[in-house]
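> 3D, please:
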Amino acid sequence: MNRPTLMHEEPVFSTELLLDGDGGAYNWWQRNDWEFQAVFEQVQNFTVSTSANPVGGGTASGGGTYAFGATCTISATAASGYHFVKWVCSDGREITDASYTFTVGSSLTFTAQFAEGTGMPLCDGTSGQIMFGSNGEILFDG
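Just a heads-up that it's a prediction; the model follows:
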């Protein structure tokens, strides 16, 4: 920052103003009395909701109230006899990772989709997986 050039021989006071909670500060030099007004804005909070489908297929966690720009991690854990398939989000996204981290920018609802079976693939295909079900049957998830 450049200091202003003074044309008169007057005392100059250096003052520090705290701008944020991270210790950032701004220095200025003044010749006269100044009046400042602090304006505070409330940080907007958003709700992230999680649920499981079917209800007995597993658990979904990570939902709650988050400030705009906060990092949120949601996690899905399959119950015995089930496997995680995907998250379905209220904004239309589908996420295939059981644990998903994102930056909160709006209220969202995530539903963890579970399917019966162990999810142990016999082979991978471009449109799904073939796997053993909980009773030994062969299932196609695609």
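> quick one, what contacts Y66?
45-48, 72, 104 (C-beta atoms under 8 Å, 6 or more residues apart in numbering). No exception for glycine: its C-beta is placed from N, CA and C like everyone else's.
> apply 7 Å and report the result again.
Contacts for Y66 (C-beta atoms under 7 Å, 6 or more residues apart in numbering) come out as 45-46, 48, 72, 104.
> any chance of a markdown table for the residues you listed, columns neighbour count and pLDDT?
A markdown table is the format used below for the contacts of Y66 (neighbours: other C-beta atoms under 10 Å; pLDDT from 0 to 100):
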| residue | neighbour count | pLDDT |
| --- | --- | --- |
| N45 | 13 | 94 |
| F46 | 17 | 96 |
| V48 | 20 | 98 |
| C72 | 18 | 97 |
| V104 | 20 | 95 |
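> which of the residues you listed lies closest to F114?
For those, the closest approach to F114 (C-beta to C-beta) belongs to V48, at 19.3 Å.
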